[in-house]
Every structure is written in C-alpha cells, then in structure tokens.
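Visitor: Build me a model:
(4 chains)
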Protein chains: 2
Amino acid sequence: MSSVPAFKRLPRAVREQQMLDAAVKVFSRRGFHAASMDEIAEDAGISKPMVYAYLGTKEELFVACLHREGTRMMQAIAGAAAPDLPADERLWRGLRAFFGFVGAYRDGWAVLYRQARGEQPFAGELATMRARLVEVVAGMLDHALRAEGREIAAVDLEVVAYALVGATESLADWLADHPDADPEKTATRMMNVAWLGAAQLLHGVTWRPPVD
Amino acid sequence: MSSVPAFKRLPRAVREQQMLDAAVKVFSRRGFHAASMDEIAEDAGISKPMVYAYLGTKEELFVACLHREGTRMMQAIAGAAAPDLPADERLWRGLRAFFGFVGAYRDGWAVLYRQARGEQPFAGELATMRARLVEVVAGMLDHALRAEGREIAAVDLEVVAYALVGATESLADWLADHPDADPEKTATRMMNVAWLGAAQLLHGVTWRPPVD
DNA sequence: GCGTAACCCTACGCACGAGTAGGTATGCTC
DNA sequence: GAGCATACCTACTCGTGCGTAGGGTTACGC
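Guide: I've put the predicted structure just below:
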C-alpha cells in the first residue's frame, strides 16, 4: 500500500542544512548542554539517528554549527575589507559588515558565540576564530603605523587589537539583546569609541560615517 | 574506641569557605555542567551530603561562587573609586584595581565569569552585575560631560559604557590566558585604547600612568 | 524489473550524576 | 554525665538523554 508518505525523502545536502538550522536554533535557545538531540531532530522534522548518521555526535554537531555560521560571518566581513583603503575607512567597513551580519542573524550567531566561550571543547575552536580576527585588526593597525614610519611592540599591537575585538563582541551581545536597535547605528557608536576614544568624546569630537 | 578521627570536625563557616574554594576551582576547570558535585565534595575534603546541607543544589552553589567572587571584585574596585577625581584618573584607578584583581585570582574569577555568560540560569545574575558596572562607567562619563556643559543621549552613553566594559572583560580574558602578563601593564594598555582611541595611537599619542 | 544504495524509522541499552535516606559520632550546655 | 544540636558518613534511587541496533521503504542505475 503506497499511501502518501508522511515525510518527503530528501537528498542529504538539503537535510544537513535543515538539521544545522534546527541545531543553531535549539543550541542558542537552550545552551549546549540543555539542548537535547531529540529536540533538534524533532525541530528539523527528522528522527534522531539521521542526525547521528549525517552530522555525528552532539559535540561534532555543535562544532559544525559554529563552523557554518563563523564562515558566513568571515565572508560577510571579507567582502567589505578592501586592503588599500585608509585605516579608518577599513575599520568602519569591517564594523558595519560585522554588525550587519549579527543584526541579521541575531539569535543565531551571537548566542551561539556566547555559548561557545564557556564550554571547554569549543573554547579552542572559538579562540582560533577570534585569533584570526585579532590578527586581521592587528595587521591593519600595523600597516597604518608603518605608513607613518612608526612601529610598536607586537604584544602591544595584539592587546590593542584584542581590546577592539572584545569591545565589538560585547556590542554584538548588546545588539542581540536589543531587537529594536539599529546595526548601522551600533557600528557608528563602536567606531566612535574605538577610533576616537573616550577623551575625544568628552570634548565633543565625534566621528561620522562617510556618505558614500 | 576513640582513635584519631580521620577528618577534623570544623565549624560551618569554615567548611563553607572550603567548599566554595573547591567549587570555584572545579567549576572553572571543568565548566558548570562537566563539574560534578562528587568532585567538588572530594576536593573540599568532605562528603557530598554536606555540600547539599550547607550550600544547596548545584545551581545554588554556582550562584554562591559567583556572588562571593563578584562581591570581592566590586569591593576591590570600589576601594579605588574616588568620585571627586577627574574622569581619566578615575578610569585609570578603576581599571588598575580591576586588572589587579583578575590577575590575582586568574583562574578563579575570569573563568567563572566566562562560564556564566552562556548558561541561562546565570546569565541573568551576571547581567545584573555587568549592568551595575556599566551604570558606574556611564555615570562617570555623564558626570564628566556635564562638567563641560555637554550632554548626549542616554542610549549613546550606555552603548559607549558597554563597549568599554566589554573591552575590559576581553582583556581580562586575555590576562587569564597569559599567566606571565603584568596586570598593571594591561591596565595601561586598556587605558590607551579606551581613553585615547585608535586614531591617537596611530599618530603616536600615548597615555602614561601618573606617577603617584 | 531487479539489485543495491541511500534514506528513514521505532525502539532500546546504558552510563552518569544530581539529590536523598537513614544512621553515627562528637562536642557543648546545664 | 545526660541530652541535644551539629558535624559528618555510606550507600542508595532515579531521571535524563546520548548514542545505537536492527529493520523497513523509496529511488535510481543497468
């Protein structure tokens, strides 16, 4: 008897994406540990063994989520980073791309990211990604410095870049918690504090985005 | 028969502190979920039911840790915050106190903090503490602004403060991961980026700690 | 049209760890 | 030195949720 099958048979590539979508959703809502594979499977409209067959264990699944979303983000930023622009312009474009991305995926990326910071198995994975970002920012600063014939110690450079990235992550968190906030405006504010610093702000100096 | 008892009987207050010490240690090494009450009990040199009797469930225990360490930190900072100093001086003293504290308690505070960010039950508790910090920083900025007859929107103020706090937290993480790094120097670097901003740094302007 | 590979399911085993029941010893008070 | 509260233990229960065994069905090549 061939009645209409309750669920369609779909090719692996499609199902994998559905599973990842569900996983991101559940992981970010519940947190890694509280999330259950059963719920993820159910949310993806599939049974649990399929998840194991395609994406492996819970840990591997989480890493897969992190990877997909992380890659998406990196690409979004890379598209905006033209290496031959002046430093402030590059910083601005990078920030705008970043906050745009976070704003679009609000409870996807930011929350996933937040999860990963604590859990040991993923802290490393995360650290790698952050390190790449820090490197990019540090490289940008170094480039701008050399252009002025100046130079500072590598550690100092790294720490400054780290602080910048940290502040940005923090505002991404803030953005995720404020659904009505405007990503572009947030990027501008970030630019103000990062580029100008508190002292300038106190003296009424503000940074304004260039009109393209 | 009264042979020497294997373990001494100690008053509650003492045992509670021992338990909290052990809990902080285990929680920060393993993470909230991976940590087991058995291990905490063993590390405290006591049996599990005692932990339940004194500090309650696992969640309550974690909150207690957060609370104790958080209070310690707040006090460390409060001791340095003289409200009648100029803004940069206050910021500097606050930062120095903060990084000094994190440096001293490295794998205590920073890691505990990192844990709490992800897990739902504690994110709230944490958010409250961060909110208090943000409020202080925002208040400081507002105060300095008004002194110059200037004023900006509350949201802008909040976001700037948030970014500052975020950058600071981030460097605290960095400090926790670099055992050889100097807290005082880290505070100086933080001051440079927060107070002066990237633009100034690129132009060779640097901030130096006042000699007391 | 028939084999075979890919897709998909309903169950279950099993370990791990939170929290507890019920009991023993020790010091403190009067 | 009897009574009582407090400190402390061993040894369980029991839920939860990861991961899997084993089997069914649809499409696709040949």
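Visitor: okay, CA-based contacts and neighbour counts for the rest of this
Guide: Will do.
Visitor: Pretty sure residue A:74 is one of the things residue A:97 touches, is it not?
Guide: No - counting by C-alpha atoms under 8 Å, residue A:97 sits too far from residue A:74 to count as a contact (9.6 Å).
Visitor: The two: who's more crowded?
Guide: residue A:97 (24 against 16; other C-alpha atoms under 10 Å in any protein chain shown).
Visitor: buried set for stretch A:104-116?
Guide: Residues of stretch A:104-116 classed as buried under the neighbour-count rule (16 or more other C-alpha atoms under 10 Å in any protein chain shown) are A:106-116.
Visitor: And the contacts of it?
Guide: With C-alpha atoms under 8 Å, 6 or more residues apart in numbering or on different chains as the test, stretch A:104-116 has contacts from A:24-25, A:27-29, A:31-32, A:66, A:69-70, A:102, A:122-123, A:126, A:172-173, A:175-176, A:179, B:117-119.
Visitor: which parts of chain A sit against DNA strand D?
Guide: By C-alpha under 7 Å from any atom of the strand, the residues of chain A that approach DNA strand D are A:2-3, A:5, A:9, A:33-38, A:48-49, A:52, A:57-59.
Visitor: how about a cut-off of 6 Å?
Guide: By the rule C-alpha under 6 Å from any atom of the strand, the part of chain A lying against DNA strand D is A:2, A:5, A:34-38, A:48-49, A:52, A:57-58.
Visitor: Show me how to select, in ChimeraX, the buried members of those.
Guide: Buried members of the residues of chain A next to DNA strand D, defined by 16+ other C-alpha under 10 Å, are picked up in ChimeraX with:
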select /A:35,36,37,58
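Visitor: Pick out the most distant pair among the residues of chain A next to DNA strand D.
Guide: Farthest pair in the residues of chain A next to DNA strand D (C-alpha to C-alpha) is A:2 and A:34. Separation: 39.3 Å.
Visitor: ok, the closest residue to DNA strand D within chain A to DNA strand C distance?
Guide: Of all residues in chain A, residue A:36 sits closest to DNA strand D, at 3.3 Å by C-alpha to the nearest atom of the strand. Relative to DNA strand C, residue A:36 is positioned 12 Å away (C-alpha to the nearest atom of the strand, to the nearest Å).
Visitor: do residue A:20 as well
Guide: 14 Å.
Visitor: before we move on, back to that, switch the buried residues of stretch A:104-116 over to JSON lines; also include secondary structure, pLDDT and distance to residue A:197.
Guide: Shown next, in JSON lines, are the buried residues of stretch A:104-116 (DSSP: H, G, I helix; E, B strand; the rest coil; pLDDT from 0 to 100; distance: C-alpha to C-alpha, whole Å):
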{"residue": "A:106", "secondary structure": "helix", "pLDDT": "78", "distance to residue A:197": "27"}
{"residue": "A:107", "secondary structure": "helix", "pLDDT": "72", "distance to residue A:197": "30"}
{"residue": "A:108", "secondary structure": "helix", "pLDDT": "80", "distance to residue A:197": "30"}
{"residue": "A:109", "secondary structure": "helix", "pLDDT": "80", "distance to residue A:197": "28"}
{"residue": "A:110", "secondary structure": "helix", "pLDDT": "77", "distance to residue A:197": "25"}
{"residue": "A:111", "secondary structure": "helix", "pLDDT": "79", "distance to residue A:197": "28"}
{"residue": "A:112", "secondary structure": "helix", "pLDDT": "86", "distance to residue A:197": "30"}
{"residue": "A:113", "secondary structure": "helix", "pLDDT": "84", "distance to residue A:197": "26"}
{"residue": "A:114", "secondary structure": "helix", "pLDDT": "82", "distance to residue A:197": "26"}
{"residue": "A:115", "secondary structure": "helix", "pLDDT": "85", "distance to residue A:197": "30"}
{"residue": "A:116", "secondary structure": "helix", "pLDDT": "87", "distance to residue A:197": "30"}
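Visitor: residues near the closest residue to DNA strand C within chain A, how many?
Guide: DNA strand C sits closest to residue A:9 of chain A, with a gap of 3.0 Å, by C-alpha to the nearest atom of the strand. Per other C-alpha under 10 Å, the neighbour tally for residue A:9 reads 8.
Visitor: re the thing from before, nearest to chain B, out of the buried residues of stretch A:104-116: which one, please.
Guide: If you rank those by distance to chain B using C-alpha to the nearest C-alpha, residue A:115 comes first, at 4.5 Å.
Visitor: Where does pLDDT dip in chain A?
Guide: Scanning chain A for pLDDT under 70 picks out A:1-7, A:212.
Visitor: and the helix ranked longest in chain A, does that touch chain B?
Guide: In chain A, ranked by residue count with DSSP state H as the criterion, the top helix is helix A:120-147. Yes - against chain B, helix A:120-147 shows contacts by C-alpha under 8 Å from any C-alpha of the partner chain at A:120, A:141, A:144-145.
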